[in-house]
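J.: here is the input, now give the coordinates:
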Amino acid sequence: MFGYGAVIMSQPNAKELFQAGVHVGHQVKRWNPRSKPYIYTNRYGISIINLEKTVYQLAKACQTIEKLVSNGGKIWFVGTKPQAQEIVREAARGVEMPFCAQRWLGGTLTNFRTVNRSLQKFKRFLKMEEKGEIDQMPNKEAAALRREMARMQKNFEGLREISELPDALFVVDIRHEGIAVHEAKRLNILTIGLVDSNANPGDVDICIPGNDDSSRSIRIVVDSIAESVRIGLESRELRAISRASSAHSEARALIDPEVNLSESAETAVEMAEEDGARE
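T.: Predicted coordinates:
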């Protein structure tokens, strides 16, 4: 197994990250001193992020996610700022993972039981709409219900199929998604984030230093994370096939001895008959 410093095929190199503007941080006056280990230099009043560190940290995040997903884990994608919404939505849907791209509902993790009840309620409303039951309601009641559904759609857009807490949270802009990060940390859920120069890298378990305002920068990082999820899912599927094959082999091994015993019994009878004939 290669170390975090190695570059996997699906991970962009420093040149590609540079072309996507991942190195461009915030104005120096807005920098967080704790981001210093990931800052290469300051130019024209702008913090320049060290892309060698980004490559290393991105590899660490990708390999961690790949292993987690391979072992059956779930990753939630979180990015509600305008630049990240469609990128996060598209990437998460592509690998069939839950996501939050509209608004993080406070308590989604720490008050999961209550949120899950609301989610089940939303699903009932959707079934009612599908069957045309809402159209049969009085206009005022139907309008109120549709307003509530619109609100729920905003909150639960990418979380409809969740049934349990995630194994990890991937976040774009940990300052903007501070509530989500805080909830995950309280529950000891692994946190991975795209961290700009104005944020504290220590707020997440694995920080990926980089520009979290540019859509190009966000996309190249999010796509790398999604690709790691996809590789993990493929690995999980191969493991399942391997386990099924092993189970089949074990089943055959239980059957074959019986077959061999039957053959041995037949041989013993034949030998006995031959001995009787010789007598």
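J.: in space, what's closest to residue 41 - neighbours in sequence excluded?
T.: In space, residue 41 comes closest to residue 48 once its chain neighbours are excluded; the distance is 5.0 Å by Cβ to Cβ, 6 or more residues apart in numbering. Just so you know, the C-beta spots here come from the backbone N, C-alpha and C atoms, and that holds for glycine as well.
J.: so residue 186 touches residue 111, yeah?
T.: No - using Cβ atoms under 8 Å, residue 186 makes no contact with residue 111, being 11.1 Å away.
J.: of these two, who's got more company?
T.: A direct count of neighbours by other Cβ atoms under 10 Å for residue 186 and residue 111 places residue 111 higher, at 13 against 10.
J.: distance of that one from residue 117?
T.: From residue 111 over to residue 117 the distance is 10 Å, taken as Cβ to Cβ, to the nearest Å.
J.: residue 96 too?
T.: 24 Å.
J.: same question, residue 27
T.: Relative to residue 117, residue 27 is positioned 44 Å away (Cβ to Cβ).
J.: phi, psi for the residue nearest to residue 161 when sequence neighbours are not counted please.
T.: Nearest in space to residue 161, with sequence neighbours left out and distances taken as Cβ to Cβ, 6+ apart, is residue 98 at 7.0 Å. Taking degrees, to the nearest 10, you get phi -60, psi 150 for the backbone angles of residue 98.
J.: just want the phi and psi numbers for the spatially most central residue of the chain.
T.: Central residue of the chain (Cα atoms, centre = their mean): residue 75, 2.4 Å from the mean position. Per-residue torsions, residue 75: phi -110, psi 130 (degrees, to the nearest 10).
J.: try residue 191
T.: phi -120, psi 130.
J.: the more surrounded of residue 27 and residue 117?
T.: A direct count of neighbours by other Cβ under 10 Å for residue 27 and residue 117 places residue 27 higher, at 13 against 10.
J.: for the more buried one, name its beta-bridge partners.
T.: Note on residue 27: beta-bridge partners by DSSP bridges are residue 46.
J.: quick one: it from residue 59, how far?
T.: Taken as Cβ to Cβ, the span from residue 27 to residue 59 is 29 Å.
J.: now swap in residue 135 and tell me
T.: Residue 135 sits 53 Å away from residue 59, going by Cβ to Cβ.
J.: more neighbours: those two, which one.
T.: The neighbour comparison of residue 135 against residue 59 (other Cβ under 10 Å) goes to residue 59, with 21 against 10.
J.: surely the more buried one touches residue 11?
T.: Yes - shown here, residue 59 and residue 11 form a contact pair, counting by Cβ under 8 Å, at 5.9 Å.
J.: pretty sure residue 208 is touching residue 55, no?
T.: No - assessed by Cβ under 8 Å, residue 208 is found out of contact with residue 55, at 9.7 Å.
J.: more neighbours, these two?
T.: Counting neighbours by other Cβ under 10 Å for residue 208 and for residue 55 shows that residue 208 has the greater number, 29 against 22.
J.: report the secondary structure state of that one.
T.: Residue 208 carries the three-state label strand when classified by DSSP: H, G, I helix; E, B strand; the rest coil.
J.: which residues touch residue 192?
T.: Counting by Cβ atoms under 8 Å, 6 or more residues apart in numbering, residue 192 touches 61, 64-65, 168-171, 204-208, 225.
J.: now intersect those residues with the strands, please.
T.: 168, 169, 170, 171, 206, 207, 208 (DSSP state E).
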